[in-house]
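> from the sequence below, what's the structure:
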Amino acid sequence: MDTIYDFNVLQTNGSEKSLKDYEGKALLIVNTASKCGLTPQFEGLQELYEKYHDKGLEILGFPCDQFNNQEFDNIEETTQFCQLNYGVSFPMFAKIDVNGNNADPLFTFLKEQKKGILSKNIKWNFTKFLVDRNGNVVERYAPTTTPAKIEEDIQKLFD
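As a prediction, this is how the structure comes out:
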């Protein structure tokens, strides 16, 4: 696997989606949680999406329940929560694991491309990966890095 375009992910309805569909776009890939102290970041992510979507940004949300069980059991509850509370209109995908033996292959790839400070494992909800228009992982952001602090890096992808 050379780029993220080599992966398929599960949509909330259970069908597969090829990330090749996003070829030529900049991506911000995020493991999310609906009941986390960082959940208000959905608001900032949505603002980035609205501001840069027409320029070619896609934000891909992947709900994850691995950190203190902070995600709804039912994916429909997750998507409704995100839409009603934060106006999320960017794509959300099926709930996944990001670490361990059952980690989604996409996140295993992302972690190999950009390791964290002490390890490659994801430490918490809202870890973010910025991918350029060629499918290369260019940056990894800590869970506490707000979407606003990522904006400058996103702008560079469109210059």
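> strands of this structure, start to end?
With DSSP state E applied, the chain shows strands at 8-10, 16-18, 26-32, 57-63, 128-131, 137-141, listed in chain order.
> buried stuff in the lowest-mean-pLDDT helix or strand in the chain?
For the chain, scoring each helix and strand by mean pLDDT, DSSP states H and E identifies helix 75-86 as the least confident one, at a mean of 85. Along helix 75-86, the positions that meet the burial threshold by neighbour count (16 or more other Cβ atoms under 10 Å) are 75, 78-79, 81-82, 86. For every residue, glycine as well, the C-beta is placed using N, CA and C.
> with distance to residue 2 added, can I get the residues you listed in TSV?
TSV is the format used below for the buried residues of helix 75-86 (distance: Cβ to Cβ, whole Å):
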residue	distance to residue 2
75	30
78	31
79	31
81	35
82	31
86	34
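> tell me which two in these are the farthest apart.
Across the buried residues of helix 75-86, no pair lies farther apart than 75 and 86, at 16.2 Å, counting by Cβ to Cβ.
> returning to what we had before: now the strands of the chain in TSV, with mean neighbour count?
Shown next, in TSV, are the strands of the chain (neighbours: other Cβ atoms under 10 Å):
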stretch	mean neighbour count
strand 8-10	17
strand 16-18	13
strand 26-32	24
strand 57-63	22
strand 128-131	23
strand 137-141	18
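> any idea of the mean pLDDT for stretch 2-12?
When pLDDT is averaged over stretch 2-12, the result is 91.
> for that stretch, list every residue counted as buried.
By neighbour count on 16+ other Cβ under 10 Å, the buried set for stretch 2-12 is 3-5, 7, 9-10.
> check what pLDDT the nearest residue to residue 122 once chain neighbours are set aside gets.
Once its chain neighbours are removed from consideration, residue 122 has its nearest residue in residue 98; the separation is 4.6 Å (Cβ to Cβ, 6 or more residues apart in numbering). We have a pLDDT of 93 for residue 98.
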